[in-house]
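K.L.:
how does the following fold in three dimensions:
(one chain, ligands or ions: 2)
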Amino acid sequence: MVSADPLLDRLRDLVGTRHVLTERDVCASYETDWTQRYHSSARAVVRPADPAQVRSVLACCSEHGAPVVPQGGNTGLVGGSVPRNHEVLLSLRRLQHLELDPIAGEAVVGAGVTLGAVQDRARVAGWDVGVDIGARDTATIGGMVATNAGGLHLLRYGPMADQVLGCDAALVDGTRIGHVPALRKDNTGYRWERILTGSEGTLAVLTTIHLRLVPYLSARVVALAALETIEDAVRCCSVLRRRLPSLVALEACLADGIDLVCAHTALPQPFAEGAPVVLLAECAGQPGEEDRLVAALGNALGETPEVRDTVVASAAGARARLWRYREAHTEAVNALGIPHKLDVTLPASELARFARDVHATVAAHGPTARLVMWGHLGDGNLHVNVIGPEPDDTRVDDAVLDLVIARGGSISAEHGIGVAKRAALARARPATDLAAMRAVKQALDPSWLLNPGALLNQA
Ligand code: 2HG
Ligand code: ZN
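P.N.:
Ligands and ions are numbered 1, 2, ... in the order given. Sure, this is the predicted structure:
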């Protein structure tokens, strides 16, 4: 067969014909992001089997001057993992190496392994991954490190950056950097895992990650608390954080989001009286500690004057039902249309004022602009979702992000910058910071072939 694209012929030699995809229907799921807001066709989807093949693919693309977009589970929400200008899409999903060291409490994981797969393996051995996210069964460890995912347990264990002990990665020309397995203490110069975490595939391609694990706390108790205002919820979070060493999650939903989830999932309202703000708190401990956790969480909530009502669950099914009110927000919003997703952090002292003012900011974009907001309140992280404005109309995004900047917040808490927030980054970080970031990019990827257009622009 005569091919019109010599690069693809070389890539077929490297990874096998079956793993260089060009048929439009087969490529479609790699080319559109989870929100459906970002999509474009790839030159090809290339699926290397292991780190050595990743390095060869990159070397080959470099020789041809071909830009490459790395991709894990494609659960990103900022357009950072899909093509934008006919790039080669480098899918890391076949990197499935998974090795657990139950004595050290560590795991060496291929970039394409899902979080759920690591959780399953670790839990059997009494360990767990410190970060948990709703997309656990699709999101890959490589993608989570590349975007420094935060998730549901950040207040206890920190983001992905705090879980990564080391990494193996490939520079754009195929050079291998980093080393796995890594040592917990190792001060021998630049730590690549630190530099690459959160770099969104713009500096190198992560192939293997060495993770620290945390003890698996299988005894869990979840409570929903009904509150009147965000101010009350912020105060309640502070009390719970001080009083409950077993606390692992503090999430907040608002009444309109709960209504939407109930309509979407057919769940009943969690509180007969309704509640303007619903706080979800989860505590975790060793097996046998359930009663103690129920009592501790119940007492802490009971002694918090702002709390109007509570529902507490410790059995697995009942806990999952309570979590569903929170975790179903993303899918319920997606069912309304293509959302504008603004994942932001505010200082605790500004959360309530921001949550009030953002309604007016969104309403200014027309009567059809609908705001649904929820988030990881214990971390000051709100997920502002707006449905209504056209996907490529960025005015509402700019207005919300400018409000965040004015209140001393961050325009990206845990989803990254991608292409969605690249322009706003220039307003959020000083020009000197951006110039230094560009210098690092230029040094590692002189032709700007890795994930071009994501995070930074070349100008
Ligand atoms: C979550 O916390 C995720 O549910 C997704 O970060 C947030 O869909 C969103 O906006
Ligand atoms: Zn989140």
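
K.L.:
what segments of the stretch 101-250 of the chain are helices?
P.N.:
Taking DSSP state H, counting those that start in this stretch as the test, the helices found in the stretch 101-250 of the chain are 115-124, 141-146, 154-157, 192-196, 230-243.

K.L.:
and Ala459, what pLDDT?
P.N.:
For Ala459, the pLDDT comes out at 75.

K.L.:
could you find the closest non-adjacent residue to the spatially most central residue of the chain?
P.N.:
Of all residues in the chain, the one closest to the mean position by Cα atoms, centre = their mean is Ala149, 4.0 Å from it. Nearest non-adjacent residue to Ala149, counting by Cβ to Cβ, 6 or more residues apart in numbering: Met160, 5.0 Å away. The C-beta positions use only the backbone N, C-alpha and C, and glycine is treated the same way.

K.L.:
wait, what's in contact with the one you found?
P.N.:
With contact set as Cβ atoms under 8 Å, 6 or more residues apart in numbering, Met160 has these partners: Val131, Met144, Val145, Thr147, Asn148, Ala149, Gly150, Thr197.

K.L.:
can you put these in JSON lines and add distance to Val333?
P.N.:
Compiled in JSON lines, the contacts of Met160 are given as follows (distance: Cβ to Cβ, whole Å):
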{"residue": "Val131", "distance to Val333": "22"}
{"residue": "Met144", "distance to Val333": "22"}
{"residue": "Val145", "distance to Val333": "26"}
{"residue": "Thr147", "distance to Val333": "20"}
{"residue": "Asn148", "distance to Val333": "23"}
{"residue": "Ala149", "distance to Val333": "19"}
{"residue": "Gly150", "distance to Val333": "19"}
{"residue": "Thr197", "distance to Val333": "28"}
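
K.L.:
ok so, going back, hmm, Ala413 and the residue nearest to the centre of the chain touching each other?
P.N.:
No - counting by Cβ atoms under 8 Å, Ala149 stays clear of Ala413, with 10.5 Å between them.

K.L.:
what number of residues lie near Asp173?
P.N.:
Neighbour count for Asp173, taken as other Cβ atoms under 10 Å: 16.

K.L.:
quick one, what contacts the closest residue to Gly126 other than its chain neighbours?
P.N.:
Leaving aside its chain neighbours, Gly126 sits nearest to Tyr216 (5.3 Å; criterion: Cβ to Cβ, 6+ apart). Applying Cβ under 8 Å, 6+ apart to Tyr216 gives the contacts Ala122, Arg123, Gly126, Trp127, Asp128.

K.L.:
Tyr216 and Val69, how far apart?
P.N.:
With distances taken as Cβ to Cβ, to the nearest Å, Tyr216 is found 35 Å from Val69.

K.L.:
then Ala443?
P.N.:
In terms of Cβ to Cβ, Ala443 sits 21 Å off from Val69.

K.L.:
do you know the pLDDT at Val2?
P.N.:
With respect to pLDDT, Val2 has a value of 49.

K.L.:
so Arg94 touches Val45, yeah?
P.N.:
No - taking Cβ under 8 Å as the definition, Arg94 is not a contact partner of Val45, at 11.5 Å.

K.L.:
neighbour count for the two, which is higher?
P.N.:
Val45 (23 against 16).

K.L.:
what's near enough to touch the residue of the stretch 101-250 of the chain at minimum distance from ligand 1?
P.N.:
The stretch 101-250 of the chain approaches ligand 1 most closely through Gly134 (4.8 Å), counting by Cβ to the nearest ligand atom. Taking Cβ under 8 Å, 6+ apart, we find Gly134 in contact with Leu152, Glu327, Thr330.

K.L.:
so what touches the helix or strand hosting Ser56?
P.N.:
For Ser56, the element it lies in under DSSP states H and E is helix 51-63. Here helix 51-63 makes contact (Cβ under 8 Å, 6+ apart) with 7, 10-11, 14-15, 46, 48, 67-68, 88, 90, 92, 95, 110, 168, 170-176, 205, 207-208, 447, 449.

K.L.:
one more pass at 7 Å, please.
P.N.:
10-11, 14-15, 46, 48, 68, 88, 90, 95, 168, 170, 172-174, 176, 205, 207-208, 449 (Cβ atoms under 7 Å, 6 or more residues apart in numbering).

K.L.:
just the buried residues of the residues you listed.
P.N.:
Among the contacts of helix 51-63, those classed as buried by 16 or more other Cβ atoms under 10 Å are 10-11, 14-15, 46, 48, 68, 88, 90, 95, 168, 170, 172-174, 205, 207-208, 449.

K.L.:
what separation is there between Ala49 and Arg18?
P.N.:
For Ala49 relative to Arg18 (Cβ to Cβ), the value is 11 Å.

K.L.:
number of residues surrounding Asn234?
P.N.:
If you look again at residue 234, you'll see it is Val, not Asn. 24.

K.L.:
likewise for Gln442?
P.N.:
13.

K.L.:
go on, Leu455?
P.N.:
Applying other Cβ under 10 Å, we find 24 residues neighbouring Leu455.

K.L.:
circling back: out of the buried ones among the contacts of helix 51-63, which are inside strands?
P.N.:
Assignment to strands by DSSP state E places the following of those there: Val46, Val68, Val88, Leu90, Asp168, Ala170, Val205, Thr207, Thr208.

K.L.:
quick one, what contacts Leu260?
P.N.:
Per Cβ under 7 Å, 6+ apart, neighbours of Leu260: Ala332, Val372.

K.L.:
for Gly408, that is, sorry about that
P.N.:
By Cβ under 7 Å, 6+ apart, the neighbours of Gly408 are Pro347, Glu350.
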